[in-house]
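> Please find the sequence and the predicted model below.
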Amino acid sequence: MEQPFFYRKKKTFFPFAFFLFSAFFAVLLISCNSSFTPKPQGYYSISFPKHQYKLFDQPGYPYSFEYPVYANVVKDSTFFGETTENPWWININFPEFNGRIYVSYKEIGKNKFDTLIKHAYILTGKHSSKAYSIDDSLINTTNKIHGMFFSVGGDVATSNQFYLTDTTRHFLRGALYFDATPNADSLGIVNQFLLEDMKHLINTFKWRN
């Protein structure tokens, strides 16, 4: 006599269910007797070169400074697709780190000094939405260079910025950027390394006239 449908399904289902339960119980026993250690997120190891410098002192430029031998200086003739207002804008490229210091120069007189200071703070403040801190430090060097250095904490596009001026004729602004997604953890060690180069640039900076 043919067995009812539900009984045939029940009979074939029971061994399969028992197998699943046994497998689950075995895994549970193994997991209870083993320790789990989560792996921390890692980043690529970076080998840094020795800090060594050379002089940037090109004819016609109103300033000079020392920059790392592992960097190169390139003239910047455009700013967001528009021609720069003078020929003394440059980029200091760090090919090994996919980083770049954008350097812009303004003449006081053609531009109001107060306005230049205001714009420097505004450009730094644009990163405040993703920053957890913005610290500023006065710059006064033995070469009579004055200005301000900004350190921005968080996953921001630029963590280190500065401006330099003599308050009467010259105004220069620099900002370090990377060709990478902003990440304070992965870029922190590179930012710290290049911070030393930025400090050296500032401490050796001179106006030529």
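Done, it's in.
> Run through the chain and note the low-pLDDT ranges.
1-45, 79-80, 127-129, 182, 184 (pLDDT under 70).
> what about 50?
1-14, 16-21, 25, 27-29, 34-43 (pLDDT under 50).
> That one: strands as residue ranges?
Taking DSSP state E, the strands of the chain run over residues 53-56, 63-68, 72-75, 78-79, 82-83, 90-94, 99-107, 131-140, 146-154, 160-165, 170-178, 206-207.
> Just the buried positions in the first one, please.
Judged by neighbour count using 16 or more other CB atoms under 10 Å, the buried positions of strand 53-56 are 53, 56. All C-beta atoms are positioned from the backbone trio N, CA, C, and that covers glycine.
> Spatially, and excluding backbone neighbours, which residue is closest to residue 203.
The shortest distance from residue 203 to any non-neighbouring residue, by CB to CB, 6 or more residues apart in numbering, is to residue 141 (5.6 Å).
> show me what contacts residue 49?
Residue 49 sits next to 68, 69, 70, 96 when contact means CB atoms under 8 Å, 6 or more residues apart in numbering.
> re earlier: residue 188: which of the strands of the chain is closest?
strand 146-154 (9.8 Å; CB to CB).
> May I have the strands that pair with the closest one, each with its orientation?
strand 131-140 (antiparallel), strand 160-165 (antiparallel) (DSSP bridges).
> what does the shortest one contact?
To tie it back to what came earlier, the one meant is strand 160-165. 108, 113, 116-117, 120, 123-124, 139, 145-152, 170-176, 191, 194-195, 198, 202, 205.
> any chance of the strands of the chain in TSV, with distance to residue 185 too?
Output for the strands of the chain, formatted as TSV (distance: least, CB to CB, whole Å):
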stretch	distance to residue 185
strand 53-56	29
strand 63-68	24
strand 72-75	28
strand 78-79	31
strand 82-83	35
strand 90-94	19
strand 99-107	16
strand 131-140	13
strand 146-154	11
strand 160-165	16
strand 170-178	13
strand 206-207	36
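> Packed most tightly, which of the ones you listed would that be?
Across the strands of the chain, averaging neighbours per residue (mean count of other CB atoms under 10 Å) puts strand 160-165 on top, at a mean of 23.
> now it, how far from the centre of its chain.
Taking CA atoms, centre = their mean, to the nearest Å, one finds the center of strand 160-165 at 16 Å from the center of the full chain.
> what's the angle between that strand and strand 63-68?
Per axes from the mean of the first three to the mean of the last three CA atoms, to 10 degrees, the angle that strand 160-165 makes with strand 63-68 is 150 degrees.
> any idea of the angle strand 160-165 forms with strand 99-107?
Using the same axes, to 10 degrees: strand 160-165 against strand 99-107 is 20 degrees.
> Do I have it right that residue 108 meets residue 169?
Yes. Residue 108 is in contact with residue 169 according to CB atoms under 8 Å; the separation is 5.5 Å.
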